[in-house]
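K.L.:
predicted structure and sequence below. I'll ask about it afterward.
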Amino acid sequence: MTINEELQAFSDAIGLFGERDKEKSCFRIFVTLLRKDFPLTSDEIAELSNLSRGTVIHHINRLMDAGIVIGIKNKYQLRTNKFSKLVEYLEHDVQTYFRELRKLGEQIDEDLMI
């Protein structure tokens, strides 16, 4: 399996890139940021990934919402420059999310007990 196939498998596994993204724009942005270990502007990302700035901004916002990308003074980079650390951060985020869901579920159960 090539590195791109491995990255695509990872992306598919976490549901990062939707079926509507026929051009794999989000994946191209992700790979562009992965290959650089310094922040890039949206214009730089657009140029490196051969995408429009609008497309880059759209997908950067999705990647930021997913906790994969961070913004630093109008520049963007992955949350960490180590892929294995990124996976670790995402795992922690998911565990935190499910802990919060469990608490919410317990509160709903309590509220339903009249």
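P.N.:
Yep, it's here.
K.L.:
Provide a list of residues in contact with Phe27.
P.N.:
Neighbouring residues of Phe27 by C-beta atoms under 8 Å, 6 or more residues apart in numbering: 7-8, 11, 16-17, 21. Heads up, the C-betas are built off the backbone N, CA and C, glycines and all.
K.L.:
list the buried residues in the lowest-mean-pLDDT helix or strand in the chain.
P.N.:
When each helix and strand of the chain is scored by mean pLDDT, DSSP states H and E, helix 3-13 comes last, with a mean of 81. By neighbour count on 16 or more other C-beta atoms under 10 Å, the buried set for helix 3-13 is 7-8, 11.
K.L.:
okay, the residues you listed in JSON lines with distance to Arg102 next?
P.N.:
Formatted as JSON lines, the buried residues of helix 3-13 follow (distance: C-beta to C-beta, whole Å):
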{"residue": "Leu7", "distance to Arg102": "32"}
{"residue": "Gln8", "distance to Arg102": "32"}
{"residue": "Ser11", "distance to Arg102": "27"}
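K.L.:
relative to His92, which of these is nearest.
P.N.:
Compare each of the buried residues of helix 3-13 with His92 using C-beta to C-beta and the shortest gap goes to Ser11, at 18.8 Å.
K.L.:
any idea how far the closest residue in space to that closest one that isn't next to it in sequence is from Lys24?
P.N.:
Leaving aside its sequence neighbours, Ser11 sits nearest to Phe17 (C-beta to C-beta, 6 or more residues apart in numbering; 5.2 Å). Look at Phe17 and Lys24: by C-beta to C-beta, to the nearest Å, they are 7 Å apart.
K.L.:
and Met1, by the same measure?
P.N.:
Relative to Lys24, Met1 is positioned 17 Å away (C-beta to C-beta).
K.L.:
can you list the weak-confidence ranges in this structure?
P.N.:
Where the chain drops to pLDDT under 70, the residues are 18-19, 21-22, 114.
K.L.:
which residues in it form strands?
P.N.:
69-72, 75-78 (DSSP state E).
K.L.:
list the buried residues in the last one.
P.N.:
If you call a residue buried by 16+ other C-beta under 10 Å, then strand 75-78 has these buried ones: 76-78.
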